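Student: Need coordinates for the following:
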Amino acid sequence: MPHTVDFGTVSTTGLESSPVADALAGLRANEARYFKNKYDHVFTVDPASEVPSTVEWVHRILSEERGIVVSSPALEATEFEVDGIRMAYVFYESGLSINVMYTLEESGKRAVGFKLSEGMEVPSELESFKFARQKSKLAGTIRGSYFVIKNEY
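Tutor: Next comes the predicted model:
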């Protein structure tokens, strides 16, 4: 059952098994605030087990584009369309958040983004990426990276 992510009151609901649950909840709330402010979109998430097609789509892109297999269990996921862009997010127990931005128009931008919660190590499957730091009132220091999607999904 989906639940709305409240960025006014950050909650670890659904993320309790993560060793960095508070930071991951802040990162999730940071994303919810962004989509509310930019697109007036209410960010909801489901337990990953209830939306396997979303998790599989993200994992397929990771595998086919870069040979990446995420070792951490997926806790929550969401997929939605906003402003002609298909968005998907998967939040992992390790504190990792992966998003896919897939513009539906053929010439549009398509990319995979990675964000690491404060307090987590860089997962071995992502060691080849360079991570930039950004500050967030909700999530502390977020480390992020991305790659451009080359194929059609």
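Student: What about the nearest residue to residue 50 once chain neighbours are set aside, how many residues nearby?
Tutor: Nearest residue to residue 50, sequence neighbours excluded (CB to CB, 6 or more residues apart in numbering): residue 1, at 7.4 Å. Backbone N, C-alpha and C define where each C-beta goes, glycine included. When counting by other CB atoms under 10 Å, one arrives at 6 neighbours for residue 1.
Student: With residue 136 instead?
Tutor: Using other CB under 10 Å, residue 136 has 18 neighbouring residues.
Student: next one: residue 102
Tutor: Counted with other CB under 10 Å, residue 102 comes out at 20.
Student: Would you mind measuring from it to residue 25?
Tutor: 26 Å (CB to CB, to the nearest Å).
Student: now swap in residue 1 and tell me
Tutor: 18 Å.
Student: Please apply the same query to residue 151.
Tutor: Counting by CB to CB, the gap from residue 151 to residue 25 is 33 Å.
Student: repeat for residue 53
Tutor: As judged by CB to CB, residue 53 and residue 25 stand 25 Å apart.
Student: Who has more neighbours out of residue 151 and residue 25?
Tutor: Between residue 151 and residue 25, counting by other CB under 10 Å, residue 25 is the more crowded of the two (23 against 8).
Student: Just the pLDDT for that one.
Tutor: Model confidence at residue 25, given as pLDDT, is 96.
Student: does it belong to a helix or a strand, and which?
Tutor: Remark: residue 25 resides in helix 21-39, with elements defined by DSSP states H and E.
Student: do residue 8 as well
Tutor: Following DSSP H and E, there is no helix or strand that holds residue 8.
Student: follow-up on the earlier one: what are the C-alpha coordinates of the helix holding residue 25, in PDB please?
Tutor: Presented in PDB, the C-alpha positions along helix 21-39 are these (Å, rounded to 0.1, in the frame of the first residue of the first chain):
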ATOM      1  CA  ALA A  21      17.400   4.800   8.500                       C
ATOM      2  CA  ASP A  22      17.300   8.500   9.700                       C
ATOM      3  CA  ALA A  23      19.600   9.700   6.900                       C
ATOM      4  CA  LEU A  24      17.800   7.600   4.300                       C
ATOM      5  CA  ALA A  25      14.400   9.000   5.500                       C
ATOM      6  CA  GLY A  26      15.900  12.500   5.100                       C
ATOM      7  CA  LEU A  27      17.100  11.700   1.600                       C
ATOM      8  CA  ARG A  28      13.600  10.400   0.700                       C
ATOM      9  CA  ALA A  29      12.000  13.500   2.200                       C
ATOM     10  CA  ASN A  30      14.400  15.700   0.200                       C
ATOM     11  CA  GLU A  31      13.200  14.100  -3.000                       C
ATOM     12  CA  ALA A  32       9.600  14.500  -2.000                       C
ATOM     13  CA  ARG A  33      10.100  18.200  -1.300                       C
ATOM     14  CA  TYR A  34      11.800  18.700  -4.700                       C
ATOM     15  CA  PHE A  35       8.900  17.100  -6.600                       C
ATOM     16  CA  LYS A  36       6.300  19.000  -4.600                       C
ATOM     17  CA  ASN A  37       8.100  22.400  -5.200                       C
ATOM     18  CA  LYS A  38       9.100  21.900  -8.800                       C
ATOM     19  CA  TYR A  39       6.100  19.900 -10.200                       C
END
